[in-house]
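Asks: build me a model:
(one chain, ligands or ions: 3)
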Amino acid sequence: MDGLRVNADRLWDSLMELARIGGTPKGGVCRLTLTETDRQGRDTFIHWARDAGLAVRVDGIGNIFARREGADAAAAPVVIGSHLDSQPSGGKFDGAYGVMAGLEVVRTLNDARVTTRVPLEVAAWTNEEGSRYVPTMMGSGVFSGVYALDYALAQQDSDGISVRTALEAIGYAGDAKPHAVGAYFEAHIEQGPVLEATGTTIGVVQGALGQRWFDVVITGQDSHAGPTPMETRRDALLAASRLVLEVNRIATTSPDYARGTVGSMQVKPNSRNVVPGEARMTVDFRNAKDPTLIAMVDELKRRAAAIATECRVTIDLREVVYFAPSEFAPELVASVRSAAGALGYSHRDIVSGAAHDAVYLSRVAPTAMVFVPCKGGISHNEIESAKPEDVAAGCNVLLQAVLARAGT
Ligand code: GLV
Ligand code: MN
Ligand code: MN
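Replies: Ligands and ions are numbered 1, 2, ... in the order given. Presented below is the predicted three-dimensional model:
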């Protein structure tokens, strides 16, 4: 099987066709989870999966599993997957690549008439992005037992629409029960600059940064921009601005791949000549070491308390996501590394700054990821771009690592 290679053109064409669903004028994708465009993306994937002879099941949170039988039907499947949802201004590759790469592995095995010992499943996990609905990695989180199904279904978007309602509206509330997974593989663009900057084709992913997400509500008092003296104001936006600087300072001065981002803010009443009485913002903290991640949050809470006093406001920090840094399975990581080496691709070990469904799958099954470079390290952006040859290389590594695990 060492000589087997994926069909690079077919993989690329599938990615480009999928990217038309929710395609944006700047060449990106807006396929927010559980929307009509998400439904179209799912329908297209299922159509292609059935064409490839796969049997499709959908579970209660809308995760899709497309199964190819193996010689040993009772063995726990090797699952290959990622997500089909995107950020509001996302790119063509984040998530879609991992699902299409899984499909291409199966199509390649079909062409070569190879039967694996263990069954294979291509998975598309619901709401990886965590943009329309929090928590992020919702589908893989439910599958892995991190979140109860009812908890996930009850979450609401900013318009008050629940996951349950949205899932039923697009016809993807299924009834498949969680099942054993023998191993999990996910291919993804790096979403950062390391591979491109070092001229490396394959990232052998060791694990992913842990994350803590907060919803922050700052409450002061609306008042007139003219008569209200500076020293008596209760300016929620001023406090928010100072907190943004603290998030940045904490991440910039902490070790272990620390990251800190405020990506969303709403100000009320949002009027030019009113001192803002309310500000809502998000905080996204990441780190490779759990104790450092905890210390970052402790420091944020201390600074928030001080800012609240100084600005005469209240600051409520509500934690909405917390998962510790993850380490992938050494034996599977080694198989990705040796597949890359055997195929003659340059490769290096790398830590994922982004979250992936692999983070939660790694809690229930041996897990590994394959990264390929993306242009300028830019992702979560419509201009996200990757080279066809790198996309194919990552899929060839995936194919060989999957075969090594699944057996023939
Ligand atoms: C998922 O895209 C993340 O926020 O890392
Ligand atoms: Mn992704
Ligand atoms: Mn993403």
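
Asks: residues near the closest residue to Gly377 other than its chain neighbours, how many?
Replies: Distances taken as CB to CB, 6 or more residues apart in numbering place Pro193 nearest to Gly377, at 3.0 Å, with adjacent residues excluded. The C-beta positions use only the backbone N, C-alpha and C, and glycine is treated the same way. Using other CB atoms under 10 Å, Pro193 has 14 neighbouring residues.

Asks: how close does Pro193 get to Ala123?
Replies: 28 Å (CB to CB, to the nearest Å).

Asks: distance of the closest residue to Ala71 other than its chain neighbours from ligand 1?
Replies: Closest residue in space to Ala71, ignoring its immediate chain neighbours: Arg117 at 5.0 Å, by CB to CB, 6+ apart. Distance of Arg117 to ligand 1, computed by CB to the nearest ligand atom, to the nearest Å: 33 Å.

Asks: state the distance from Arg117 to Gly3.
Replies: 19 Å.

Asks: pull the CA atoms of stretch 324-343 into CSV?
Replies: Taking C-alpha atoms only, stretch 324-343 is exported to CSV below (Å, rounded to 0.1, in the frame of the first residue of the first chain):
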residue,chain,number,x,y,z
ALA,A,324,-6.9,22.0,29.3
PRO,A,325,-4.0,21.7,26.8
SER,A,326,-4.2,18.4,25.0
GLU,A,327,-1.5,15.9,24.0
PHE,A,328,-2.1,13.6,21.1
ALA,A,329,-1.3,9.8,21.2
PRO,A,330,2.4,9.3,20.8
GLU,A,331,2.1,6.1,18.6
LEU,A,332,-0.3,7.9,16.2
VAL,A,333,1.8,11.0,16.1
ALA,A,334,4.8,8.8,15.3
SER,A,335,2.8,7.2,12.4
VAL,A,336,2.1,10.6,10.9
ARG,A,337,5.8,11.5,11.2
SER,A,338,6.9,8.3,9.6
ALA,A,339,4.3,8.6,6.8
ALA,A,340,5.6,12.1,6.0
GLY,A,341,9.2,10.8,6.0
ALA,A,342,8.4,7.8,3.8
LEU,A,343,6.6,10.0,1.3
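
Asks: tell me the pLDDT of the residue sitting furthest away from the middle of the chain.
Replies: In the chain, the residue that sits farthest from the middle, by CA atoms, centre = their mean, is Pro227; the gap is 47.7 Å. The model reports Pro227 with a pLDDT of 98.

Asks: helix, strand, or coil at it?
Replies: coil (DSSP: H, G, I helix; E, B strand; the rest coil).

Asks: just use 7 as the starting number from now, easier for me
Replies: Okay, residue one is now 7; in that scheme the one you just asked about reads as Pro233.

Asks: up against ligand 1, what does the stretch 307-414 of the chain have?
Replies: 360-361 (CB under 6 Å from any ligand atom).

Asks: tell me where the stretch 307-414 of the chain has helices.
Replies: 336-348, 363-367, 394-412 (DSSP state H, counting those that start in this stretch).

Asks: export those to JSON lines and tack on mean neighbour count?
Replies: Below are the helices of the stretch 307-414 of the chain laid out as JSON lines (neighbours: other CB atoms under 10 Å):
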{"stretch": "helix 336-348", "mean neighbour count": "19"}
{"stretch": "helix 363-367", "mean neighbour count": "29"}
{"stretch": "helix 394-412", "mean neighbour count": "24"}
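
Asks: out of those, nearest to Val210?
Replies: helix 336-348 (4.6 Å; CB to CB).

Asks: what are the contacting residues of the closest one?
Replies: With CB atoms under 8 Å, 6 or more residues apart in numbering as the test, helix 336-348 has contacts from 8, 189, 191, 207-208, 210-212, 353, 355, 372-376, 402-403, 406-407, 410-411.

Asks: so which bits of this protein are right by ligand 1?
Replies: 135, 142, 360-361.

Asks: quick one: low-confidence ranges for this structure?
Replies: Along the chain, no part satisfies pLDDT under 70.

Asks: domain parsing for it?
Replies: The record's domain parsing of the chain by automatic domain parsing lists 14-215+331-412, 217-329.

Asks: please identify the deepest-packed of those domains.
Replies: Most buried of those by mean neighbour count (mean count of other CB atoms under 10 Å) is domain 14-215+331-412; its value is a mean of 21.

Asks: pull the distance from that one to the chain's centre.
Replies: Domain 14-215+331-412 sits 9 Å away from the centroid of its parent chain (CA atoms, centre = their mean, to the nearest Å).

Asks: coming back round to it: in strands, which of the contacts of helix 336-348 fall?
Replies: Members of the contacts of helix 336-348 lying in strands (criterion: DSSP state E): 189, 191, 208, 210-212, 353, 355, 373-376.

Asks: ok, these vs Leu21, which is closest?
Replies: Once CB to CB is applied, the member of those that ends up nearest Leu21 is Val376, at 15.4 Å.

Asks: separation between the nearest residue to that closest one once chain neighbours are set aside and Gln272?
Replies: Excluding the flanking residues, the one nearest Val376 by CB to CB, 6+ apart is Ala193, at 4.5 Å. Ala193 sits 36 Å away from Gln272 when distances are taken as CB to CB.

Asks: how close does Cys317 sit to ligand 2?
Replies: Computed as CB to the ion, to the nearest Å, the Cys317 to ligand 2 distance reads 37 Å.

Asks: pretty sure that residue contacts Leu243?
Replies: No. Using CB atoms under 8 Å, Cys317 is not in contact with Leu243; the gap is 9.7 Å.

Asks: show me which residues of the chain are close to ligand 2?
Replies: 100-101 (CB under 5 Å from the ion).

Asks: residues contacting the one helix or strand Asp44 maps to, please?
Replies: Using DSSP states H and E, Asp44 sits in helix 42-57. Residues outside helix 42-57 that contact it (CB under 8 Å, 6+ apart) are 20, 23-24, 27-28, 36-38, 62, 70, 72, 90-91, 102, 105, 109, 112, 128, 130, 176-178.

Asks: so which of those residues sit within helices?
Replies: Taking DSSP state H as the definition of helices, those contribute 20, 23-24, 102, 105, 109, 112.

Asks: with distance to Phe329 added, can I get these in TSV?
Replies: Converted to TSV, these look like this (distance: CB to CB, whole Å):
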residue	distance to Phe329
Ser20	31
Glu23	33
Leu24	28
Ala102	23
Val105	22
Leu109	28
Val112	30
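
Asks: if we only consider those residues, which is nearest to Val152?
Replies: Val105 (20.8 Å).

Asks: OK, contacts around the closest one?
Replies: For Val105, counting by CB under 8 Å, 6+ apart, the contacting residues are 51, 87-90, 128-130.
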